[in-house]
Structures are given as structure tokens and as C-alpha cells.
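The following comprises the amino acid sequence and a computationally predicted model.
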Amino acid sequence: MSKPKFQTVTGMHDILPQDQAYYEKIQEVAKKVFAFYDFEKIDTPILEDANLFIKSVGENTDIVEKEMFTLKTKGKDSLVLRPEGTASIMRAYIEHGFLSLPQPVRLWYYGPFFRYEKPQAGRYRQFNQFGVEIIGETDPIVDVQTILVMYSVLNDLGLKGLMVKVNSIGDDNCRPLYRKALVKYLREKKTGLCSDCQKRMKVNPLRVLDCKNEKCQETLASAPQSVDYLCDDCKKHLKDVLEYLDELKVPYCLDSRLVRGLDYYSRTVFEIESTKAGENTGGVLAGGGRYDSLSKMLGGGETPACGAAAGVERIIAEMKENKARVSFSSVPEIFFAQIGPLAKKKSLPILEDLRKAGIKVGEAFGKDALKAQLGKASRLGSKVVLILGQREALNNMILVRNMQTAKQVEVKQEDIIKEVKNILKEK
RNA sequence: GUGGCUAUGGUGUAAUGGUAGCACAACACCCUGUGGAGGUGUUUGUACGGGUUCAAAUCCCGUUAGUCACCCCA
């Protein structure tokens, strides 16, 4: 192989034709579900001010500390390739005065995001997410709607064994109390924690709950639970969420260990993961929660909100695992074959007429042998082949060959479209 | 960011320090008036850079990438 060898840079990947069907399917299903629930689409720029994420996601989170793609521009701006969607959308909400729209504002998005992580299967530095945000509503029913729409998209994609995990991490009033209780407990049991958790205890104690280390989980067995520390408002909120969930056919469980890594969350947090035969396969496909204080963090007013995001590449991996069927490019039912230079010249305009009539037509103009062209038509599975030879070109006729019965008739060129439509109707 | 494993044509694989081979795919011709076949050919490779050796795909080091477990998260 020659010297200049280019390849995708770390963590980036090409989406090849064979995978496009998955991406299209996901976008199609997401769009349909979101449209039904009255979400409107929004696209925000890929580049944002670094501070947007530092302020919202949190300075001490891994996303900000080590996973941001930071760019220095010719000016002194510090820009980042967006690591997540919610902060951008809240920024847009404030910037464009969506506060004066009827509330809540329901938005959805789809696009690429970037995190500087070590790549692994289902985890890339550039990956796609889609998500929803319901901004301007405190009612717990929108929390459940958020869960429901994300669940519905995954379910409609044919994914099996989905499980929703929910929890409440309280609000600014009660979370500090819980945090204090938890830290106290952790200090007493310090020796039972892994070294990572001893660090976490100081910086972000709630994250200790998440640790997968078995020793830590044993230590946590009798740790105080966030639900016991919720203030009355938060308790009521969680109770309502669970009651609405009970009315749905969505499988869920309350998981007191569930916390989320981003600073802006409050009250309801949830994740949707895939499980196989009850076993947790570890794949978190979607996650989200309520973020009532995000607006204020970004300099806006008090605007309650709730949202969720799902990872496209992970969903695709899961679809492949489940062998979910997606339709690949449609077979051209009609195939056009030509013989001879005159016929070849007339081919393109005839093909255009068919295209304008909305008929998908396959061809192999690069091959002149009729045998080769029919061979390709066969391989594609086309039902009808239109054959234009020297003779037909001179008489303004064309042969219509039925590939299943091997019978063919000669028709006038001007009648092609009518003829083809008739044939397609018969199927 | 830490640790383990891996890397041979487009794809899947063989070659246990001694001739880089096979299958599929692709392309061409047989074949400019009729079907998925067949025949005959052709193209394409040891990820990159060093080292050991008479000799390296094979052993060693580095790099890159992939992958797995952490970390974290979608």
C-alpha cells in the first residue's frame, strides 16, 4: 500500500450505505412519535460557547473536565463542539424569548454530538443523539410524557426487553440534606469504598451510588436513600410520576441508586435500558430527567423543564442484536434495457419521463449486452423490463417484458407510462 | 485517562522464522436482440515506523486503529 494512508480520526466513523437504513428508520420513527405528541423540531449549532456547558452541565463533571472538544478561534473565543443537547436548547429558548409562546414549549432534535472519550463499541467521539425537551411546565405528567415518548420510539423500533428506571434526586431544598446524610454515612464506611469513590465522596457524592464496584455496592446496601429525604413537594412529585406510570404499559422500576452525572438535573431522573431475559446488559439507550434550575443557571428566568436524549449508535447496535428488520433501498419494479447506439441516446429522456411520473426505474447503461442488462434486472428482482432496441427506437415503440411470465409485448412509446402503471396496479 | 487482547486483498480466512495461499466479491471477455448460471482471465494484501536475524506476516519496541474491562456516559 502506498504512503499516504488516511483513515478516520480517532472515534469518528463513516456511516456506510449498508447502515443508512438504520439511521433513516430511527429518524422516521422518532419524527412520527414526536409529531404525534406535538413536538416541534429545532436545530442548534454544533459549535457553542464553552461556558454554556461549564455553567449547565457542571464544572466537576467528566463531560466538562475531560470530554469536551475545545477549539480556539482566531479571536479569543473558547468554542466547543457540543457535548449534549439540552443546554443548547435552553439557550435558544432564552435567546429567542420562547417564554412568550404558549407554555410548555415542546421541542425535539436530532444531530451529532461530540465527546472526547476513548472509543469503544457503541461509543464514539462523534455520535448522534435525538431527544425531546418540554420547557415551561412543572406538572409531573410531562415527566411521564417525556419517558413515554422516548420509550415509544424505542419500542416502535422493535426493541425488546426495555426497562425504565426512575428515581428522584430531590431539588435545591432537599438534596443538600440528603447529600449531607449520604456523606456522613460514606465517611463512616470509608474503608469499604474503592479509591474512585473516596474521591467522588468529596466532589460529587451522589455518584458513589452509581459505582459498579461490588465492594462499594455492598457498602451501600444500608445507605440512606434519596426518597427518604425528599421534601414534601418533591415527594408528591415523585408519587404522581409513579402513579401516571402505573397507568401505562411501560415496564418500570424505582431505582434509588439512579443518579445522573449532569449538574442541572433535579427531581425526576430516568434511564431506559435494554435487558435480556431479565439480565441487565448494561446498555443505557436513553436517559433524561427534570431540570428546573437550568434556566436560571444560564441567566434566564425560573423555567421548569424536563427532557431526555437517546443515543442513535447504541440503538442501532441494539437493533442489530435484536435482528430488527429495517427496509433497505427499495427494489426498482421496472428496469430499462437498451440495445444499440440510437436506443441508448433515446434512453435518458424516456427515463426522465418515467421519473416525472413517479416510477422508479433501474438501469445498467454501462453495459451494452442485453444479456448483462437482463441479468442485472433479474438480480435486482425487477418485475418488468422495458427493452428499447434499434428497431423499436426507429418505430417509436418499446418492448415490455414481464420477467415472471417471460412474455413480452410491443407498445407505443407514448403509451409507456400508462402501460407501466397498469402493470404495477395488477400486482 | 488506566489496563488487557487484536491487526494478512473490498470481505472472510490460511501460512507455528524459510515460495504470502484460498474462498467470496469486483472487473474484463466469451456475449450489441433476451434471465440469477458457467467458462477464461485480470486487479487488489502482511496497518505504520524501527529493531533482532542469512532470512520476519510470524520474534522485540514504538505508533496508529479496533476491541474488551475500568472511568464515564447516549
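Done, it's in.

And the nearest residue to residue A:82 once chain neighbours are set aside, its phi and psi?
Once flanking residues are discounted, residue A:82 sits nearest to residue A:48: 5.3 Å by Cβ to Cβ, 6 or more residues apart in numbering. No exception for glycine: its C-beta is placed from N, CA and C like everyone else's. Main-chain dihedrals, residue A:48, degrees, to the nearest 10: phi -140, psi 160.

Show me the beta-bridge partners of residue A:48.
Beta bridges link residue A:48 to residue A:80 when assigned by DSSP bridges.

That one reaches residue A:84, doesn't it?
No. Residue A:48 lies out of contact with residue A:84 (Cβ atoms under 8 Å); the separation is 10.2 Å.

returning to what we had before: quick one, grab the pLDDT at the residue nearest to residue A:82.
Note for residue A:48: predicted pLDDT of 94.

quick one: contacts for it?
A:79-80, A:82, A:87-88, A:91 (Cβ atoms under 8 Å, 6 or more residues apart in numbering).

Can you tell me which of these is closest to residue A:231?
When these are ranked by distance to residue A:231 (Cβ to Cβ), residue A:87 comes first, at 26.2 Å.

Next, the buried residues of the longest helix along chain A.
Scanning chain A for the helix with the most residues, using DSSP state H, yields helix A:17-36. By neighbour count on 16 or more other Cβ atoms under 10 Å, the buried set for helix A:17-36 is A:22-23, A:25-26, A:29-31, A:33-34.

do the same with stretch A:418-427
Buried-residue list, stretch A:418-427, by 16+ other Cβ under 10 Å: A:419-420.

Stretch A:336-349 now?
Going by 16+ other Cβ under 10 Å, stretch A:336-349 has these buried residues: A:336-340, A:342-343, A:346-347.

Which residues outside that stretch are in contact with it?
Looking at stretch A:336-349 with Cβ under 8 Å, 6+ apart, the contacting residues turn out to be A:350-351, A:354, A:361-365, A:368, A:370, A:373-374, A:377, A:385-390, A:392-394.

Can you flag which of the residues you listed belong to strands?
A:361-363, A:385-388 (DSSP state E).

where in chain A is pLDDT low?
Within chain A, the stretches with pLDDT under 70 are A:1-5, A:276-282, A:327-330, A:427.

Where do the domain boundaries of it fall?
Residue ranges for the domains of chain A, per automatic domain parsing: A:17-174+A:230-321, A:334-426.

hang on, residue A:309 packs against residue A:287?
Yes. Under the criterion of Cβ under 8 Å, residue A:309 makes contact with residue A:287 at 6.7 Å.

Who has more neighbours out of the two?
Taking neighbours as other Cβ atoms under 10 Å, residue A:309 and residue A:287 compare with residue A:287 leading, 22 against 18.

Backbone dihedrals for the residue in chain A that RNA strand B sits nearest to, please?
Across chain A, the shortest distance to RNA strand B (Cβ to the nearest atom of the strand) belongs to residue A:261, at 1.5 Å. With angles defined as degrees, to the nearest 10, residue A:261 sits at phi -80, psi -10.

Quick check: nearest residue in space to it, chain neighbours excluded?
residue A:61 (5.5 Å).

what's around the residue nearest to residue A:325 when sequence neighbours are not counted, how many residues?
The shortest distance from residue A:325 to any non-neighbouring residue, by Cβ to Cβ, 6+ apart, is to residue A:158 (7.3 Å). By the measure other Cβ under 10 Å, the count of residues near residue A:158 is 15.

And residue A:320, by the same measure?
12.

if we can go back for a sec, am I right that the residue nearest to residue A:261 is in contact with residue A:262?
Yes. Using Cβ under 8 Å as the test, residue A:61 is close enough to residue A:262 to be in contact (6.2 Å).

Going along the chain, name the strands of the stretch 51-200 of chain A.
A:69-72, A:78-81, A:105-114, A:126-135, A:162-168 (DSSP state E, counting those that start in this stretch).

what do you get for the stretch 201-350 of chain A?
A:252-254, A:266-276, A:279-290, A:305-311, A:334-338.
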